[in-house]
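Visitor: the following block contains a protein sequence and its predicted model.
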Amino acid sequence: MNITLLTRTALLLALALLFTQVKLQWVSGPAVNALLIIATAANGLWSGVLLGALTPVLAFLGGFMPLVFVVPVIAAGNILFCVTFAWLHKRNGMAAVAAGATLKFLLLALSVNYLIQVPPPVAKALSLPQLFTALAGGALALLLLRYLPARD
């Protein structure tokens, strides 16, 4: 395993956890989604998947996410976002973000509205706002990636 990629992934995870402490979804959501895309683009798919899977788990363990049964759904949405982006980004970065954000939104919205029982405010937070925060985070990531060194 490349120590540089592992270190960069750990730093991105630390930043993501820092942003999960912000209680405003319109701040933390785009920030974490941007880090997912940056991890995927700069370090590779495994880095984005690791970040996507660990952020909801660690947010729950840190007390920032109160419902344990939404953790796997959020992790799955994050992973889907990263996988879709990795698959499509060489053709068109913004289209890859849009496709990934849409799939993440659909997975989360369908899950909290039809598969698992959550309080209405949680269902609302894990529905349409997820599309907007993923799109905003993806756009931010694409902008930031222009100024980051190329992947090794």
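Guide: That came in fine, so what should we check first?

Visitor: now do the helices in the protein.
Guide: All helices of the chain, identified by DSSP state H, fall at 3-20, 25-43, 45-61, 71-88, 93-110, 120-125, 128-145.

Visitor: quick one: low-confidence parts of the chain?
Guide: Scanning the chain for pLDDT under 70 picks out 1, 150-152.

Visitor: which ones are touching residue 16?
Guide: Residues in contact with residue 16 (C-beta atoms under 8 Å, 6 or more residues apart in numbering) are 31-32, 35-36, 51, 55. Bear in mind the C-beta positions are built from the backbone N, C-alpha and C, glycine included.

Visitor: any chance of these in CSV, with distance to residue 14 too?
Guide: What follows is the contacts of residue 16, written out as CSV (distance: C-beta to C-beta, whole Å):
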residue, distance to residue 14
31, 13
32, 12
35, 10
36, 14
51, 10
55, 11
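
Visitor: surely residue 126 touches residue 110?
Guide: No. Residue 126 is beyond contact range of residue 110, at 10.3 Å (criterion: C-beta atoms under 8 Å).

Visitor: neighbour count winner among these two?
Guide: More crowded of residue 126 and residue 110, by other C-beta atoms under 10 Å: residue 126, with 24 against 12.

Visitor: check contacts around the residue nearest the centre of the chain.
Guide: For the chain, residue 33 is the residue whose C-alpha lies nearest the centre (C-alpha atoms, centre = their mean; 3.8 Å). By C-beta under 8 Å, 6+ apart, the contact set of residue 33 is 81, 101, 133-134, 136-138, 141.

Visitor: can you tell me which of the contacts of residue 16 has the most neighbours?
Guide: For the contacts of residue 16, neighbours tallied by other C-beta under 10 Å; top is residue 36, 29 neighbours.

Visitor: and residue 14, how close does it get to residue 142?
Guide: Remark: distance between residue 14 and residue 142 (C-beta to C-beta, to the nearest Å) = 22 Å.
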